[in-house]
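Asker: what's the 3D shape of this:
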Amino acid sequence: MQLLKTIQTDLQGLLMSCSDFSSVDVCIQEGNGNKSVEVTRDRLNRVLSGLKKTNDKAGLSMLVPMPEVRIESGMQGVPGPQVNLRVSVQVVENSSVNRSDKGTGITAESAAFTVLALGHLFQLGSGTILLADERGIEPAELDDEMTADIAYQVNFTVPMSTQPLPKTSAPLISVNGGGELMLSGQVGAKHVVTLDGSFPWSGSPGALVYDGPFTLASGVRVRAASYLPDALGSDIVELVNLSE
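Answerer: This next block holds a predicted model:
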């Protein structure tokens with residue numbers, strides 16, 4: 001989540017550094033809970049109505065929400081899916097204030113085009129680059145409680161790819177003729193077993209770390225998984241001891 005927050009605040013800083021927007025309030029959405037939404041709406045309304053001014057001007061505001069993570073191609077769970085971050089800027093205007101002598105002198109439409117030009121090909125931290133999204137600029141829905149009459153959303157994409165951690169191989173389990181559980185797996189891995197049907201990991205109350213064969217009662221359901229440092233845990237394997 002640190003990357004998403006960094007992108008959000010970097011984009012806010014880019015907009016605030018533009019001389020064209022020296023009289024425009026630029027804020028970020030701090031969260032998506034009800035309280036955060038209310039605080040943000042209150043700030044926007046104060047700017048739009050003229051109660052809050054930037055360099056003695058009001059009527060136009062910009063909001064940078066938290067970026068959205070989208071799987072654009074491939075299937076979830078397939079190694080290395082293409083992940084695109086959708087980054088947007090909402091430009092909101094109260095035209096009666098903004099186009100008066102108290103206003104910024106910049107319309108929402110012209111501001112949206114400036115945002116698009118500023119953001120396209122802008123390099124963020126960690127080598128990520130903003131690209132103008134195919135949806136570019138589109139009308140934005142206005143909240144009934146907003147004191148605005150014009151709103152646009154400017155859309156960008158940050159192409160990325162995810163490379164998951166290596167995955168530990170699943171262990172092999174069996175029961176020998178003497179009713180003992182036999183388990184083998186990757187060298188160096190910790191093999192965890194449960195006999196109560198719970199998820200086999202070290203934090204489970206019924207978990208056992210396998211260190212050699214042990215006798216199983218008939219009818220017991222065994223679940224096992226293996227874990228290596230700096231890797232994902234293995235898939236779960238299981239069997240029911242049917243030996244007498």
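Asker: all contacts plus neighbour counts: C-alpha atoms, from now on.
Answerer: Fine.
Asker: need the contact list for the closest residue to Trp201 other than its chain neighbours.
Answerer: Once flanking residues are discounted, Trp201 sits nearest to Val192: 5.8 Å by CA to CA, 6 or more residues apart in numbering. Neighbouring residues of Val192 by CA atoms under 8 Å, 6 or more residues apart in numbering: 200-202, 207-210, 224-227.
Asker: Correct me if wrong: Ile103 contacts Val97.
Answerer: Let me fix one detail, which is that residue 103 is Gly and not Ile. Yes - with contact defined as CA atoms under 8 Å, Gly103 reaches Val97; the gap is 5.6 Å.
Asker: any weak-confidence spans in the chain?
Answerer: Counting by pLDDT under 70, the chain shows low-confidence ranges at 1, 31-34, 72-82, 125-127, 161-165, 244.
Asker: Got a ChimeraX select line for the buried ones in the contacts of Val192?
Answerer: The buried subset of those, as determined by 16 or more other CA atoms under 10 Å, is captured in ChimeraX by this line:
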select :200,201,202,207,208,209,210,224,225,226,227
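Asker: Which parts of this structure are helices?
Answerer: In the chain, the helices defined using DSSP state H lie at 2-16, 34-49, 95-98, 108-119.
Asker: Out of those helices, flag the one nearest Leu232.
Answerer: helix 2-16 (21.3 Å; CA to CA).
Asker: what angle sits between the closest one and helix 108-119?
Answerer: Orientation check (axes from the mean of the first three to the mean of the last three CA atoms, to 10 degrees): helix 2-16 against helix 108-119 gives 120 degrees.
Asker: possible to save the helices of the chain as TSV with mean neighbour count?
Answerer: Listed next are the helices of the chain as TSV, based on neighbours: other CA atoms under 10 Å:
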stretch	mean neighbour count
helix 2-16	17
helix 34-49	18
helix 95-98	20
helix 108-119	19
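Asker: Quick one: closest of those helices to Leu85.
Answerer: Short answer: helix 2-16, nearest of the helices of the chain by CA to CA, at 8.5 Å.
Asker: Please save the CA atoms from the closest one in CSV.
Answerer: Coordinates of the C-alpha atoms in helix 2-16 are reproduced here as CSV (Å, rounded to 0.1, in the frame of the first residue of the first chain):
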residue,chain,number,x,y,z
GLN,A,2,3.0,2.3,0.4
LEU,A,3,3.4,2.5,-3.4
LEU,A,4,-0.2,3.6,-3.9
LYS,A,5,0.1,6.3,-1.2
THR,A,6,3.3,7.5,-2.8
ILE,A,7,1.8,7.8,-6.2
GLN,A,8,-1.2,9.7,-4.7
THR,A,9,0.9,12.2,-2.9
ASP,A,10,3.4,12.6,-5.8
LEU,A,11,0.6,13.5,-8.1
GLN,A,12,-0.8,16.0,-5.6
GLY,A,13,2.6,17.6,-5.5
LEU,A,14,2.9,17.7,-9.3
LEU,A,15,-0.4,19.6,-9.5
MET,A,16,0.4,22.0,-6.7
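Asker: Show me what it is packed against.
Answerer: strand 25-28, strand 60-64, helix 108-119 (3 or more CA pairs under 8 Å, 6 or more residues apart in numbering; DSSP states H and E).
Asker: for Val175, what are its contacts?
Answerer: Contacts here follow CA under 8 Å, 6+ apart; on that basis Val175 touches 181-182, 241.
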